[in-house]
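**Student:** sequence plus predicted model, see below.
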Amino acid sequence: MGELRPSLEQMAKEKLRRYRFLGLQPPEIVQAWMKRAKVFSVPSIVAKSGEAEGVWYGVC
């Protein structure tokens with residue numbers, strides 16, 4: 001669980017009617033949920049060096 005998760009869960013609870021935090025999942029589960037989702041949100045952190053993580057979604 002990342003350090004931002006509690007605040008993001010609280011924000012979702014206050015602002016959304018339906019949401020789920022699934023945590024770490026294998027790629028096939030992530031793809032299945034992404035196909036169903038109306039909104040997909042991933043928190044990201046930018047390091048002091050400027051490097052940032054990202055999300056890659058590929059269809060094979």
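**Tutor:** Cool, got the structure.
**Student:** before we move on, what SS does the residue positioned nearest the centre of the chain have?
**Tutor:** Among the residues of the chain, V42 comes closest to the average C-alpha position under C-alpha atoms, centre = their mean, at 3.0 Å. Following DSSP: H, G, I helix; E, B strand; the rest coil, V42 is assigned to coil.
**Student:** where does V46 fall, phi/psi-wise?
**Tutor:** phi -100, psi 120 (degrees, to the nearest 10).
**Student:** which phi and psi does the nearest residue to it once chain neighbours are set aside have?
**Tutor:** The shortest distance from V46 to any residue that is not its chain neighbour, by C-beta to C-beta, 6 or more residues apart in numbering, is 4.6 Å, and that residue is A52. Quick note: C-beta positions are derived from backbone N, CA and C, even for glycine. Here is the backbone geometry of A52 (degrees, to the nearest 10): phi -140, psi 150.
**Student:** cool, and R5?
**Tutor:** For R5, the backbone dihedrals are phi -60, psi -50 (criterion: degrees, to the nearest 10).
**Student:** is it correct that L22 is in contact with W33?
**Tutor:** Yes: in this structure, L22 sits in contact with W33. The criterion is C-beta atoms under 8 Å, and the distance is 6.7 Å.
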